[in-house]
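Asks: Output the structure for:
(one chain, ligands or ions: 1)
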Amino acid sequence: EKGGYDYFMLKEIAEQPKAVADTLLGRIDAAGSLTLDEVRISASELREVDKVVIVACGTAFHAGLIAKYAIEHWTRIPCEVELASEFRYRDPILGPRSLVIAISQSGETMDTLMALRHAREQGSKVLAICNTNGSTIPRESDAVLYTHAGPEVAVASTKAFLTQLVACYLVALYLGQVRGTKWGDEISAVIRDLSHISGEVERVLETMEPVRALARSLAGKNTVLFLGRHVGYPVALEGALKLKELAYMHAEGFAAGELKHGPIALIEEDLPVVVVVPSPRGRSVIHDKIVSNIQEIRARGARTIVIAEEGDEAVVPYADHLIRIPATPTLLQPLVATVPLQVFACELATARGNEVDQPRNLAKSVTVE
Ligand code: F6R
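Replies: Below you'll find the predicted structure:
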């Protein structure tokens with residue numbers, strides 16, 4: 001049932017192109033417009049939405065952090081993202097015009113379920129993004145958008161994460177469409193790019209051997225840091241989470257702009273630092289800033305592991321290890337940038353002799369608060 005792979009996690013990483021394609025399937029029609037028939041909140045209700053609040057835990061929370069960039073950019077609706085376990089204990093401001101999005105692979109995470117119940121008690125509409133048909137979270141929501149990742153067995157989430165991102169992009173585009181905000185050339189371009197993205201994920205998977213070799217060479221390290229900016233920041237958090245849970249190593253993700261406000265003190269000789277570099281096209285200011293961050297940490301002795309777009313030559317002089325990913329629009333980059341981090345964590349865990357599919361102390365579905 002592992003389909004020839006040593007671990008479910010390896011199989012699930014390899015299944016990502018299909019998972020992404022399946023989640024997009026049938027949701028964009030020939031005319032390029034979106035139909036989400038599982039969303040049973042009326043268009044007029046969606047037009048009234050004045051705030052989006054995303055609640056989730058762990059990896060699903062990271063998908064939510066990325067969704068915020070897309071939702072605010074494409075729809076101009078303010079969007080908050082909150083850890084489900086924190087949400088209802090702080091008396092959040094919610095009302096009938098708030099749209100709460102609960103993201104959960106299992107659909108059974110108690111923290112997320114309690115957050116959505118709280119939101120519904122306040123009269124808010126809840127949309128679930130979920131991978132498990134008929135589970136509790138979608139059953140208790142007003143609308144559901146299922147991710148079609150197929151069953152995810154490994155405790156560490158991989159393919160579910162990529163499909164959560166796809167679902168979030170679809171929701172953002174759909175909101176943009178029904179509200180008529182920014183609906184036009186940019187949105188059609190995004191839809192076109194999304195329809196190619198599964199092939200790009202496939203291309204990343206074909207080039208992972210150097211990442212595996214690098215991971216094995218770092219098996220004796222104690223700490224790895226991850227830096228990113230814009231949507232690369234949640235990707236850095238996700239890379240660090242994967243490494244913690246699988247390799248049991250100290251791993252932290254930072255927003256690269258925060259380095260000088262503290263974390264740069266952690267940099268020491270030969271410390272591996274993974275940097276997720278945004279596209280040099282588009283948001284080139286951010287790109288240039290992150291290149292100087294890489295220079296700074298390298299000057300202080302860090303071993304820089306740079307994830308950058310094909311054709312980005314500016315990073316080459318400062319990268320001790322360079323991992324190439326295909327060029328994608330900035331907002332979609334997490335779909336390709338996360339994959340090397342999953343492979344990296346999985347291989348490092350294996351090299352350290354850890355049980356990849358069943359990390360210590362963790363359960364696939366956390367049904368207690
Ligand atoms: C990390 C991981 C967890 C889950 C979190 C939420 O690899 O798997 O952080 O993402 O427990 O689970 P779901 O998505 O089932 O609500």
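
Asks: Could you use CA atoms for every contact and neighbour count after this?
Replies: OK.

Asks: near the ligand, which residues of this protein show up?
Replies: Residues of the chain lying near the ligand by C-alpha under 6 Å from any ligand atom: 57-60, 104-107, 109, 155-157, 242, 365.

Asks: same thing but at 5 Å, please
Replies: 57-60, 104-106, 109, 156-157 (C-alpha under 5 Å from any ligand atom).

Asks: Can you tell me which of these has the most neighbours?
Replies: Ser104 (31 neighbours; other C-alpha atoms under 10 Å).

Asks: right, and that one touches Thr112 too?
Replies: Yes. Contact criterion C-alpha atoms under 8 Å: Ser104 and Thr112 qualify, at 7.5 Å.

Asks: buried stuff in stretch 261-276?
Replies: By neighbour count on 16 or more other C-alpha atoms under 10 Å, the buried set for stretch 261-276 is 267, 271-276.

Asks: Need the nearest residue in space to the most centrally placed residue in the chain, chain neighbours excluded.
Replies: Note on the chain: the residue nearest the mean C-alpha position is Ala63, at 3.8 Å, using C-alpha atoms, centre = their mean. Leaving aside its sequence neighbours, Ala63 sits nearest to Leu165 (C-alpha to C-alpha, 6 or more residues apart in numbering; 5.6 Å).

Asks: what's around that neighbour, how many residues?
Replies: 27.

Asks: same deal with His73?
Replies: Neighbours of His73 using other C-alpha under 10 Å come to 16.

Asks: Is Leu227 in a helix, a strand, or coil?
Replies: Recorded secondary structure, Leu227: strand (DSSP: H, G, I helix; E, B strand; the rest coil).

Asks: Please disregard the earlier target; I meant Glu80.
Replies: Applying three-state DSSP: Glu80 is strand.

Asks: I'd like the distance from it to the ligand, if you could.
Replies: 18 Å (C-alpha to the nearest ligand atom, to the nearest Å).

Asks: Now do the contacts for the closest residue to that residue other than its chain neighbours.
Replies: Leaving aside its chain neighbours, Glu80 sits nearest to Val53 (4.8 Å; criterion: C-alpha to C-alpha, 6+ apart). With contact taken as C-alpha atoms under 8 Å, 6 or more residues apart in numbering, Val53 is in contact with 79-82, 98-101.

Asks: and the one helix or strand the residue nearest to the centre of the chain maps to, what other elements does it pack with?
Replies: In the assignment (DSSP states H and E), Ala63 maps to helix 58-75. Using 3 or more C-alpha pairs under 8 Å, 6 or more residues apart in numbering; DSSP states H and E, the elements in contact with helix 58-75 are strand 51-56, strand 79-83, strand 98-104, helix 159-179, helix 232-247.

Asks: Pick the most deeply packed of these.
Replies: Greatest average neighbour count among the helices and strands packed on helix 58-75 goes to strand 98-104 (a mean of 28), per mean count of other C-alpha atoms under 10 Å.

Asks: angle of it against strand 51-56?
Replies: Counting by axes from the mean of the first three to the mean of the last three C-alpha atoms, to 10 degrees, strand 98-104 lies at 20 degrees to strand 51-56.

Asks: Within the sheet, what are the partner strands of strand 98-104, with directions?
Replies: When pairing is defined by DSSP bridges, strand 98-104 lines up against strand 51-56 (parallel), strand 125-130 (parallel).

Asks: any chance of those in a markdown table, plus mean pLDDT?
Replies: Listed next are the strands paired with strand 98-104 as a markdown table, based on pLDDT from 0 to 100:
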| stretch | mean pLDDT |
| --- | --- |
| strand 51-56 | 98 |
| strand 125-130 | 96 |
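
Asks: Which of the ones you listed sits closest to Asp357?
Replies: Smallest distance to Asp357 across those (C-alpha to C-alpha): 21.0 Å, for strand 125-130.

Asks: So what touches that closest one?
Replies: So strand 125-130 is in contact with 39, 41, 96-107, 116, 119-120, 137-138, 141-147, 164, 167-168, going by C-alpha under 8 Å, 6+ apart.

Asks: mind listing what Val315 touches?
Replies: By C-alpha under 8 Å, 6+ apart, Val315 lies in contact with 291, 306, 308.

Asks: returning to that earlier point: farthest-apart pair in the residues of the chain next to the ligand, please.
Replies: Among the residues of the chain next to the ligand, Thr109 and Ala156 lie farthest apart (C-alpha to C-alpha), at 14.5 Å.

Asks: Convert the C-alpha atoms of the helix or strand Ile137 falls within to PDB, please.
Replies: Element membership for Ile137 (DSSP H and E) is helix 136-139. What follows is helix 136-139, C-alpha atoms only, in PDB (Å, rounded to 0.1, in the frame of the first residue of the first chain):
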ATOM      1  CA  THR A 136     -17.000  16.700  11.800                       C
ATOM      2  CA  ILE A 137     -15.700  20.100  10.700                       C
ATOM      3  CA  PRO A 138     -17.300  20.100   7.200                       C
ATOM      4  CA  ARG A 139     -20.500  18.700   8.700                       C
END
